[in-house]
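I need the structure of the sequence given here:
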Amino acid sequence: VDTGAERYPIWVAPGELRRLPDRLRQIGLDGRRVFLISDTAVIEAHGRTVAEALDSAGTPGASYVIPAGESSKTQRTASEIYTWLAGERAERRDVILALGGGVVGDLAGYVAATYLRGMPVVQLPTSVLAMNDAAIGGKVAIDLPAGKNLVGAFHQPVAVISDIETLRTLPRRSYTEGFAEVIKHALILDPSLLALLERESTRITSHAPDLDLVAQVVAQSSRLKALIVSSDPEERGLRAILNYGHTTGHGIEQATQYTQYMHGEAVSVGMMAAGRIGVELGMMSQALLDRQADLLRAFGLPTAAPGVNATAVLDAMKRDKKVEQGKLRLVLLEGPGLATVRDDVPQELVERTVQSVLRG
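Numbers count the residues shown, from 1 in each chain. Reported below is the predicted structural model:
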């Protein structure tokens, strides 16, 4: 990623956590104290690998473990981490290591952005979702009861280090839901990645996936995200297209209190809603909508969310942070790799489409 003001590497390969001290040295952070933030599930699976790598290099530091899940992404948890950092006498030159999925990356990044008015953070994503989305781009945030990611900042990491081997320990559902973000990148930006996903979906989603192939896909998807972030680091224009499927998706998550649908699953349904709107407006072909649905199903992702309260979803959508002057800003497709942002979609069409994907 190169925003002009900031530049940082993204490493994607098996075994990257064992190379962590070398990577820190490459970006000039060796010899500094590190403060690792992770969650209960990830620390059990990968904490020892990180600890042994850092110990072997003589890197001093400490760790803080939060309960796994979206419910930890709050100001209360952030305040607890501030108190811990203060007790450890963390300094501005020290380094936050965010080891985990999107929740840990968002929360640890938010803490790094705000404690001492800013500390460097290295993102160590351990889920497909985080490797392709949350870890790249510097959007860090916590949730409020009123909505997801409503309090946050732009705070770019100093590096993103994606160890593909960590994906072996993910529960099946957590592994597949992350590919919603990869499919999103393919649909809005890269027809060649779209074709690769269609061709290799069986190998990628098998119970013993080809990690070299997964690394190739994640690297290609990460590169797309990096290009968009580099051109629009604070989402003032082009970066908004990365929200394809997210307006309805976030509404579904909030309406179900983050307990029924994982983020990628909700975004998958949100992409289907956006696709149906695009078809109704004559922007997107029915053939492309069918192609999108087939690919989502091939990755085990939902194309509908039956039983979710439509009124609650629509209310949440109206509070979405992408709303401007009371108007929803929806990302729609005109073709593979051709995304646009519209703020003139009739409310009646939005309501009817959301209700249709919630009926299944």
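
Give me the three-state assignment for Ala304.
Three-state call for Ala304 (DSSP: H, G, I helix; E, B strand; the rest coil): coil.

Identify the residues contacting it.
When contacts are counted by C-beta atoms under 8 Å, 6 or more residues apart in numbering, Ala304 touches 269, 272, 357-360. No exception for glycine: its C-beta is placed from N, CA and C like everyone else's.

Pick the one among those closest to Pro346.
For the contacts of Ala304, the residue nearest Pro346 by C-beta to C-beta is Val357; the value is 16.9 Å.

Just give the closest residue to Val50, not the sequence neighbours.
Using C-beta to C-beta, 6 or more residues apart in numbering and skipping the chain neighbours, the partner closest in space to Val50 is Leu17 (5.6 Å).

how far is the helix or strand that contains Glu265 from where the chain is centred?
Using DSSP states H and E, Glu265 sits within helix 263-280. Computed by C-alpha atoms, centre = their mean, to the nearest Å, the separation of helix 263-280 from the middle of its chain amounts to 17 Å.

Go ahead and confirm Ile228 touches Leu238.
Yes - when contacts are counted by C-beta atoms under 8 Å, Ile228 is listed as touching Leu238 (6.1 Å).

who has more neighbours, these two?
For Ile228 and Leu238, the more surrounded residue by other C-beta atoms under 10 Å is Ile228, and the numbers stand at 21 against 14.

And for the residue nearest to that one when sequence neighbours are not counted, the neighbour number?
With C-beta to C-beta, 6+ apart as the criterion, Ile228 has its nearest non-adjacent residue at 5.4 Å, and that residue is Arg239. The criterion is other C-beta under 10 Å. On that basis, Arg239 has 18 neighbouring residues.

Now do the same for Arg239: helix, strand or coil?
For Arg239, the reduced secondary structure class is helix; criterion used: three-state DSSP.

residues touching it, list them.
Arg239 makes contact with 137, 228-229, 231-233 under the criterion C-beta under 8 Å, 6+ apart.

Quick check: what element follows the least confident helix or strand in the chain by mean pLDDT along the chain?
Across the helices and strands of the chain, the lowest-confidence element by mean pLDDT, DSSP states H and E is strand 147-154, at a mean of 91. Secondary structure here is assigned by DSSP H and E; on that basis, the next helix or strand after strand 147-154 toward the C-terminus is strand 159-163.

partners of that next one in the sheet?
When pairing is defined by DSSP bridges, strand 159-163 lines up against strand 10-13 (parallel), strand 121-125 (parallel).

Now the first one: buried residues?
Spelled out, it's strand 10-13. Of the residues in strand 10-13, those buried by neighbour count under the rule 16 or more other C-beta atoms under 10 Å are 10, 12-13.

list the helices and strands the very next helix or strand once past that strand packs on?
The C-terminal neighbour of strand 10-13 among helices and strands, as given by DSSP H and E, is helix 20-26. The elements that helix 20-26 packs onto, with contact taken as 3 or more C-beta pairs under 8 Å, 6 or more residues apart in numbering; DSSP states H and E, are helix 40-56, strand 159-163.

what about the strands in this structure?
Using DSSP state E, the strands assigned to the chain run over residues 10-13, 34-39, 61-66, 95-100, 121-125, 139-144, 147-154, 159-163, 330-335, 338-342.

Where does pLDDT dip in the stretch 101-250 of the chain?
In the predicted model of the stretch 101-250 of the chain, no residue satisfies pLDDT under 70.

just the helices in it please.
In chain order, the stretch 101-250 of the chain shows helices spanning 102-114, 128-129, 172-177, 179-189, 191-205, 211-231, 246-255, with DSSP state H, counting those that start in this stretch as the criterion.

Can I get those in CSV including distance to Ile27?
CSV is the format used below for those (distance: least, C-beta to C-beta, whole Å):
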stretch, distance to Ile27
helix 102-114, 15
helix 128-129, 24
helix 172-177, 29
helix 179-189, 25
helix 191-205, 28
helix 211-231, 16
helix 246-255, 30
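
mind checking which of these is nearest Gly278?
helix 179-189 (10.9 Å).

quick one, that closest one and strand 338-342 angle?
90 degrees (axes from the mean of the first three to the mean of the last three C-alpha atoms, to 10 degrees).

Now do the phi/psi pair for the residue of the chain positioned farthest from its centre.
Going by C-alpha atoms, centre = their mean, the residue of the chain most distant from its centre is Gly58, 31.8 Å out. In this entry, Gly58 is assigned phi and psi values of phi 70, psi 30 (degrees, to the nearest 10).

gap between it and Pro21?
Gly58 sits at a distance of 9 Å from Pro21 (criterion: C-beta to C-beta, to the nearest Å).
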